[in-house]
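S.K.: Here is a sequence together with a model predicted from it:
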Amino acid sequence: MQSDLKDILFLDIETVRVVDQYQQLNERLKTQWARKANFFKREEGQTDEDLFQDRAGIYAEFGKIIVIGIGKYTQQNGVLGLRTRYFADHDEKKLLTEFRESLEKMGPGVRLCAHNGKEFDFPYICRRSLVNDLPIPSVLNMSGKKPWEVGHLDTMEMWKFGDYKHYTSLDLLAAIFDIPTSKGVMDGSMVSEVYHQQGDLKKIAEYCMGDVVAVAQLYLKMKGLPIIASNNIVNS
C-alpha cells in the first residue's frame, strides 16, 4: 500500500434535530432558534417551527449525532481493500465515547478525511462532544495548532483546487467519476424523519456507510488511482 494511503480514516456522520417536535424545545432554546431562523430564507408562510423540522439537524446547537461511519484502506496480497464499521446509538454520549476510544487506539498518526468534513463533520463532532461533557478526540483538537500542523483531508476541498465559490456534493462527484453507490433507499433530507418516526438506526447507518465508501473511492480517483472492487469492501 502507498504510504500516503495507510493512515487515512474516512468518516461520515448522520445528524438529526435534537428533539422530534419544535414544541419539545425548552423556552430558552425556542428563543434562540427564533433568532437563528431570522437569518434564513423563508418560503411564503413558513414558520420557525417549519424551519426547525427542516433544518435544525445541520446545526450542532440544535441537532445531535446518531451515526458515525468510518473506513480504512487495507491491503492483502497486494490488493487494495476497504474495511468499514459504524457507531450508531440513540444515546449520543455513548456513541461519541465509543468513537473517541476507537480513534485513540489508532494513535496520533491517523488523518481524518470526509467530504466537506472541515466545515461540517469535524466541527460538529467537537461541538457535540463538549455539549455531552466529553473531551474532544485528540486528533480533532486543533487548539494551539498551526494550519500546517492539522492533517485533516477533505475531498470537497481537494475538488475545489482553490476555488471557494460553490459547494459540490458527494453525489455529484460520485456520478461524474462513475463511482458505484448503494444509496437510493433514502437521501440526507429523510434522515431526521426516518429516525424520529421509525427509529430505524440500521437503515440510517447503512445509508451513512454508503457515503464512507464513496468518499474513500473518490479520494482514490482524486489521486489518479483505480477504485476498489466491491468484493474487497468489508464491513466489520
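M.R.: Looks like it arrived, so ask away. Residues are numbered from 1 along each chain as shown.
S.K.: In the protein, where is pLDDT below threshold?
M.R.: Within the chain, the ranges that satisfy pLDDT under 70 run 1, 143-150, 182-185.
S.K.: Helices of that one, start to end?
M.R.: Along the chain, the segments classed as helices by DSSP state H run 27-37, 48-55, 92-106, 121-131, 155-160, 170-176, 191-193, 201-222.
S.K.: Could you pull up the residues touching residue 42?
M.R.: Counting by C-beta atoms under 8 Å, 6 or more residues apart in numbering, residue 42 makes contact with residue 51. For every residue, glycine as well, the C-beta is placed using N, CA and C.
S.K.: where's it relative to residue 30, distance?
M.R.: From residue 42 over to residue 30 the distance is 17 Å, taken as C-beta to C-beta, to the nearest Å.
S.K.: returning to that earlier point: deepest-packed of the helices of the chain, please.
M.R.: When the helices of the chain are scored by mean count of other C-beta atoms under 10 Å, the highest mean neighbour count falls to helix 201-222 (a mean of 22).
S.K.: That one: how far from the chain's middle?
M.R.: Relative to the chain's own centre, helix 201-222 is displaced by 10 Å; criterion: C-alpha atoms, centre = their mean, to the nearest Å.
S.K.: out of everything not next to it in sequence, what's closest to residue 203?
M.R.: Spatially, and ignoring its direct neighbours in sequence, residue 203 is nearest to residue 194 (6.0 Å; C-beta to C-beta, 6 or more residues apart in numbering).
S.K.: Surely the one you found and residue 202 touch.
M.R.: No - with contact defined as C-beta atoms under 8 Å, residue 194 does not reach residue 202; the gap is 10.3 Å.
S.K.: and of the helices of the chain, who's closest to residue 137?
M.R.: helix 92-106 (4.6 Å; C-beta to C-beta).
S.K.: So what touches the closest one?
M.R.: 9, 64-68, 70, 87-89, 110, 125, 128-129, 132-135, 137-140.
S.K.: Show me which of those residues are buried.
M.R.: Among the contacts of helix 92-106, the ones that count as buried by 16 or more other C-beta atoms under 10 Å are 9, 64-68, 70, 87-89, 110, 125, 128-129, 132, 134, 137, 139-140.
S.K.: before we move on, the earlier item: may I see the helices of the chain organised as CSV, with distance to residue 74 added?
M.R.: Shown next, in CSV, are the helices of the chain (distance: least, C-beta to C-beta, whole Å):
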stretch, distance to residue 74
helix 27-37, 43
helix 48-55, 38
helix 92-106, 14
helix 121-131, 22
helix 155-160, 20
helix 170-176, 21
helix 191-193, 28
helix 201-222, 11
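S.K.: Sweet, I'm off.
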